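J.: Prediction below, plus the sequence it came from.
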Amino acid sequence: MDDVRRLTRADVEEAAAVLARAFFDYPMLQWVMPDHVQRRRALPVFMGTSVRWGLLLDAVYGVGEPLRGVAIWVPPGTIDEDRDPDDSFVHYRHAMAAIGAEAEARHELFLAEQRVVRSRELGADEWYLAWLGIEPAAQRSGAGSALLSDMFTRLDAVGQGTYLETEKAANVPYYERHAYRVVSDGVISRGGPHYWTMRRISPLP
């Protein structure tokens, strides 16, 4: 397995493509963009926004050459920071135009309800795992475990925990194998997906 490395602006397009393929059939994104043709076309643009946002936080990691997996982490206390107020780097408005008005409305509803849950569940000193995506052909190769273990090594050294949300039932036992535990679950309104919140508590240093 290749070493995990911190990604840079030069990696945006490749990382976005990996995430787009990894999350093509993800329940939340199927609900946001139910038309598979639209979803396939728009997801690389949508994921590019997430990668750029993560780069502003200096917390995007990848494994493999070419990339086989990507993780976007959010450091404690930065989840609500706007580090690109004019949208000149993240290009969020461009991504919303790519997915279309109906999909944007569903996405905004999801984000609004997710924020409510996160405000209740996310600890002030916890890292937030925003995205962990593995190239479909590389799944079950250990790429995801490598990305998680790389971060856990650093966090365990200082006793910091991590938190995530997933809208895919099969992800719950996967993360449980990495010492996460379910904190809560629920359903996004208006026919949205089921979600689970999970937390991993690092041992004291």
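T.: Yep, that arrived.
J.: How is residue 199 assigned, secondary-structure-wise?
T.: Here residue 199 is strand, with the state taken from DSSP: H, G, I helix; E, B strand; the rest coil.
J.: Repeat that for residue 79.
T.: coil.
J.: Any idea how many residues pack against it?
T.: If you count neighbours by other CB atoms under 10 Å, residue 79 ends up with 16. In this view, the C-beta of every residue, glycine as well, is placed from N, C-alpha and C.
J.: Would you mark the buried spots in stretch 160-178?
T.: 160, 161, 162, 163, 164, 165, 166, 167, 168, 171, 175 (16 or more other CB atoms under 10 Å).
J.: Could you check how far it is from the centre of its chain?
T.: Between the centre of stretch 160-178 and the centre of its host chain there is 11 Å, according to CA atoms, centre = their mean, to the nearest Å.
J.: mean confidence score for it?
T.: Mean per-residue pLDDT for stretch 160-178: 97.
J.: same check, this time on stretch 96-106
T.: Per-residue pLDDT over stretch 96-106 has a mean of 97.
J.: List the buried residues of that stretch.
T.: Neighbour-count burial for stretch 96-106 [16+ other CB under 10 Å]: 96, 98, 99, 103, 104, 106.
J.: Check stretch 178-197 too.
T.: For stretch 178-197, by 16+ other CB under 10 Å, it's 179, 180, 183, 188, 192, 193, 195, 196, 197.
J.: what bridges to the last one?
T.: When bridges are called by DSSP bridges, residue 197 pairs up with residue 165, residue 184.
J.: was I right about residue 158 contacting residue 203?
T.: No: assessed by CB atoms under 8 Å, residue 158 is found out of contact with residue 203, at 10.6 Å.
J.: so where does the closest residue to residue 8 other than its chain neighbours fall, helix or strand?
T.: Distance criterion CB to CB, 6 or more residues apart in numbering; nearest residue to residue 8, sequence neighbours excluded, is residue 55 at 7.3 Å. Assessed by DSSP states H and E, residue 55 sits inside helix 36-56.
J.: which residues touch that helix?
T.: Helix 36-56 is contacted by residues 7-9, 11-13, 15-17, 19-20, 23-24, 29-30, 33, 60, 70, 72-74, 83-84, 89-92, 94-95, 98-100, 103, 130-131 when judged by CB atoms under 8 Å, 6 or more residues apart in numbering.
J.: Could you list the buried residues of that helix?
T.: Those would be 39, 42-55, for helix 36-56 by 16+ other CB under 10 Å.
J.: The spatially most central residue of the chain in helix, strand or coil?
T.: With distances taken as CA atoms, centre = their mean, residue 131 lies nearest the centre of the chain, 1.5 Å away. Following three-state DSSP, residue 131 is assigned to strand.
J.: Alright, calling it a day.
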